[in-house]
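> starting from these lines, generate the structure:
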Amino acid sequence: MVETFLEEPSRDADAPNTELQPDSNIETNLTENIHSSDEPFLSWGVSETYSDIFPDLSPFDLSRVSHPIPNPEEDIDPALAHILTSLEHLHNTLITTAEPSYSGTTFNPTLAKQIFVPSHRKAFLPTYFRHTHKHLPLVHHPTFNVTTSSPALVLVLFLCGALYAPPRDAVLAIPAAFFPIAEEFVFRRVEVLLELHHHQQQQQGGDDDDDVVDGAGGGWVEEEREMYETLQAAVLVRGAQFMMNTSNNPAVRSRAWMVRRPVLVEVVRKLGLACARHTNTVGRRPDWGRFVRDEIRIRIAAWVLLDDWQQAGVFHLPVLMTTDEMTGELPCLQELWEANDATEFEAVVTANGQRLAASWSGVGGFSLGGITMLDLHLLISSIYVIIGTARHHSLLQTCIPALQRATARWEELGVVRHCGEFCWLANTLLKHSLAGKDKTTTYFQRRGHETPKELHGLLRELREGQ
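Numbering: from 1, shown residues only. The predicted model follows:
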C-alpha cells in the first residue's frame with residue numbers, strides 16, 4: 001500500500017539540472033511588486049503532498065537573484081516562434097479593443113523574444129514533467145511533441161516548467177508578464193475549436209466515440225487531438241493562475257470562478273467527457289492509440305471536476321459539476337498512462353490483468369494496489385461536495401448522520417493515513433454544523449467570497465474549537 005501511494009515511478013530521467021545560470025541582459029524590472037494583495041493562498045482540500053504542483057514565487061527574495069552575466073544572444077526558438085507571433089497579435093488586439101479582463105497586464109514583446117529561446121525550451125519543458133506532471137498527470141508524456149502538439153499546450157507547459165527555474169530573472173517576470181496573455185490565448189482557442197468541432201459533428205451526424213483511431217500512439221483526427229490538448233492547456237493555465245500567489249487578487253479570482261470555470265464545465269459537457277469510457281473491445285488486442293485518446297478524455301473530465309469542486313470550497317460557491325453526471329470511468333493506473341509505446345502498454349495490460357477486472361467482490365476482495373491518489377482525491381472530495389450542496393439547499397442537518405457514516409467507513413478502509421486532513425476536515429465541519437456554530441461563521445454568511453481569508457478564518461475556528 002505504501003509502495004502504491006508513495007513510490008509511484010516519476011518520469012524525471014530526462015529532466016535537466018535545475019541549478020540554472022542567470023539570464024543575460026533580460027530587460028525586466030526586478031523591483032516590481034509581485035506579492036499577493038492579501039493573505040497567502042490556502043487551497044481547499046489540497047494537502048502538502050500537492051504543494052509542488054505550482055511553486056509559489058511571491059515570497060521569493062529578489063536580493064538573491066544574481067546579476068546578469070553577458071552571454072551570446074539567442075534567436076527565438078523556431079518551435080516557439082509561431083506561438084510568440086500569435087501572442088503578440090492577440091496582445092495588440094486586446095490593447096486596441098481595451099478588453100477589460102486584460103487591463104493592467106505587463107506583456108512585453110521584447111522580453112518575450114529573450115525568453116522564448118531554445119535553451120529555455122530545453123530546460124522548461126522537461127522540468128514541467130519532472131515536477132507538476134507527477135502530481136497532476138493530465139498530459140500524455142510519451143506522445144507529447146513540441147512540434148506536433150497543440151500550440152496552446154506547448155505554451156502552457158513551457159510557462160509552468162519555467163516556474164521551477166529561479167533564480168533566473170526571466171522566471172520572476174513570467175507570472176505577471178505571460179500567464180495573463182497565455183490564459184486569453186488558450187481560452188479563445190478553446191472557443192474556436194469547440195465551434196469547429198460542433199460544426200463538424202453536425203456535418204458528419206456522428207458521435208464523438210465513432211471516430212476511428214489507429215494504434216500508432218494517439219493517432220486520432222488532428223482536429224480532435226488539438227481540441228483535447230488545448231482543453232488540457234486550459235485546465236493547467238487556469239490551475240496555475242488559481243494556485244500561484246501572484247494571481248492572488250480579487251479580479252483574477254473572480255474571473256476564474258465567474259468566467260473560466262463555467263467555460264471548462266460547459267466544454268466537458270458538450271464533448272460528453274463526463275461519461276467518457278474506454279472503447280477498446282474486450283477480448284481483442286488493446287489498441288494503444290485508442291486507449292490514449294479515451295484516457296485523455298477521462299482525465300480531462302476528472303481534473304475539471306476537481307477544479308470546480310476546489311473553487312467551490314475555497315470561495316463558498318455551489319458546484320457546477322455533480323457526482324450524478326460523472327458516469328464515466330476513473331483515470332487508469334499510472335503504469336498504463338506512462339507506457340512509452342504500444343509494446344510497453346500491452347505488457348502492462350498483461351501484467352495487471354486481475355487489477356483491471358471489471359467485477360467487484362466487496363471490500364474483502366478490493367485490490368489496494370489498483371487505487372491511485374487521484375482516485376482517493378475524487379472520492380473524498382465528493383463527500384465535501386455533498387456537505388456543501390446540502391448546506392446550500394438547507395438540507396445539511398438531515399444529512400449529517402449519513403455523511404458521518406461515510407467518513408467513518410472511509411477511515412475503516414484504512415486509507416485515512418494518506419488523506420488524514422481530508423477526513424479531519426469533513427468530520428469537524430459536520431460537528432461544527434451539528435452544534436449550530438456555522439450560523440455565526442463568516443465563511444458561511446455569503447456565497448462567492450473575493451478572497452480566501454474567509455476560508456482561513458473557518459479553518460482557524462475549526463482548529464481552535466476542538
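
> how about E99, phi and psi?
Per-residue torsions, E99: phi -60, psi 120 (degrees, to the nearest 10).

> which ones are touching I387?
Counting by CB atoms under 8 Å, 6 or more residues apart in numbering, I387 touches 396, 399, 403, 426, 429-430. Bear in mind the C-beta positions are built from the backbone N, C-alpha and C, glycine included.

> closest to D77 among those residues?
Nearest to D77 among the contacts of I387, counting by CB to CB, is A426 at 47.1 Å.

> how close does that closest one sit to Q201?
Going from A426 to Q201 by CB to CB, to the nearest Å gives 41 Å.

> try F291
In this structure, F291 and Q201 are 23 Å apart, going by CB to CB.

> neighbour count winner among the two?
Applying other CB atoms under 10 Å to F291 and Q201 shows that F291 carries more neighbours, namely 25 against 15.

> that one touches V348, doesn't it?
No - using CB atoms under 8 Å as the test, F291 is too far from V348 to be in contact (10.6 Å).

> what sits in contact with each of these two?
Residues within reach of F291 and of V348 at once, by CB under 8 Å, 6+ apart, are L336.

> doesn't C423 lie inside a strand?
No - counting by DSSP: H, G, I helix; E, B strand; the rest coil, C423 is not found in a strand; it is helix.

> chain neighbours aside, what residue packs nearest to E461?
With CB to CB, 6 or more residues apart in numbering as the criterion, E461 has its nearest non-adjacent residue at 6.1 Å, and that residue is T441.

> H198 should be in a helix, yeah?
Yes - in this structure, H198 lies within a helix as judged by three-state DSSP.

> ok, it - contacts?
H198 touches K270, counting by CB under 8 Å, 6+ apart.

> now with 10 Å?
270-271 (CB atoms under 10 Å, 6 or more residues apart in numbering).

> how far away is it from R391?
From H198 across to R391, the span is 36 Å (CB to CB).

> so, low pLDDT: which residues of the stretch 101-250 of the chain?
Applying pLDDT under 70 to the stretch 101-250 of the chain flags residues 101, 103-105, 166-170, 205-221, 245-249.

> how about the helices in it?
Listed in chain order, the helices of the stretch 101-250 of the chain (DSSP state H, counting those that start in this stretch) span 109-115, 118-130, 132-135, 151-162, 169-204, 222-243, 250-255.

> chain center to the longest one, what's the gap?
Averaging C-alpha positions (CA atoms, centre = their mean, to the nearest Å) puts helix 169-204 15 Å from its chain's average.

> and that helix, what's buried?
For helix 169-204, burial by neighbour count (16 or more other CB atoms under 10 Å) applies to 169-190, 193-194, 197.

> so it versus helix 118-130, what angle?
With axes from the mean of the first three to the mean of the last three CA atoms, to 10 degrees defining the directions, helix 169-204 sits at 70 degrees from helix 118-130.

> for the nearest residue to R238 once chain neighbours are set aside, list the residues it contacts.
In space, and not counting its chain neighbours, R238 is closest to R260: 4.9 Å by CB to CB, 6+ apart. Residues in contact with R260 (CB under 10 Å, 6+ apart) are 101, 183, 186-187, 234-235, 237-238, 241-242, 252, 307, 311.

> out of the residues you listed, which one sits closest to T110?
Nearest to T110 out of those is E183 (CB to CB; 21.1 Å).

> the residue nearest to the closest one when sequence neighbours are not counted - how many residues pack around it?
The shortest distance from E183 to any non-neighbouring residue, by CB to CB, 6+ apart, is to V237 (5.0 Å). The number of residues packed near V237 is 26, by other CB under 10 Å.

> quick one, what contacts V237?
152-153, 155-157, 159-160, 179-180, 182-187, 260.

> now swap in E195 and tell me
Taking CB under 10 Å, 6+ apart as the definition, E195 has no contacts.

> any weak-confidence spans in the stretch 351-466 of the chain?
Along the stretch 351-466 of the chain, segments meeting pLDDT under 70 span 352-371, 413-419, 466.

> again, only using 90
The stretch 351-466 of the chain contains residues with pLDDT under 90 at 351-388, 391-394, 396-398, 400-401, 403-428, 433-440, 446-453, 455-456, 462-466.

> need the helices for it, in chain order.
Ranges of helices in the stretch 351-466 of the chain, per DSSP H, counting those that start in this stretch, are 373-392, 396-412, 420-434, 453-464.

> as CSV, those with distance to A81 would be great.
Shown next, in CSV, are the helices of the stretch 351-466 of the chain (distance: least, CB to CB, whole Å):
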stretch, distance to A81
helix 373-392, 36
helix 396-412, 51
helix 420-434, 45
helix 453-464, 43
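
> among those helices, which comes closest to I83?
Shortest distance between I83 and these, using CB to CB, is found for helix 373-392: 29.5 Å.

> angle of the closest one against helix 420-434?
For helix 373-392 and helix 420-434, the angle between their directions (the same axes, to 10 degrees) works out to 10 degrees.

> next, the buried residues of helix 373-392.
So for helix 373-392, counting by 16+ other CB under 10 Å, buried means 373-374, 376-391.

> dump it to CSV, restricted to CA.
Only the C-alpha atoms of helix 373-392 are listed here, as CSV (Å, rounded to 0.1, in the frame of the first residue of the first chain):
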residue,chain,number,x,y,z
MET,A,373,-4.0,9.2,-5.2
LEU,A,374,-6.3,10.7,-7.8
ASP,A,375,-9.0,8.1,-7.1
LEU,A,376,-8.8,8.9,-3.4
HIS,A,377,-8.9,12.6,-4.0
LEU,A,378,-12.0,12.3,-6.1
LEU,A,379,-13.8,10.0,-3.6
ILE,A,380,-13.1,12.1,-0.5
SER,A,381,-13.8,15.4,-2.4
SER,A,382,-17.3,14.0,-3.3
ILE,A,383,-18.1,14.0,0.5
TYR,A,384,-17.2,17.7,0.7
VAL,A,385,-19.4,18.4,-2.3
ILE,A,386,-22.3,16.6,-0.7
ILE,A,387,-21.8,18.6,2.5
GLY,A,388,-21.6,21.9,0.6
THR,A,389,-24.6,21.1,-1.6
ALA,A,390,-26.7,20.0,1.3
ARG,A,391,-25.9,23.2,3.1
HIS,A,392,-26.7,25.4,0.1
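
> if we can go back for a sec, next, format the helices of the stretch 101-250 of the chain as TSV and append distance to P142.
Shown next, in TSV, are the helices of the stretch 101-250 of the chain (distance: least, CB to CB, whole Å):
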stretch	distance to P142
helix 109-115	27
helix 118-130	10
helix 132-135	12
helix 151-162	14
helix 169-204	23
helix 222-243	14
helix 250-255	34
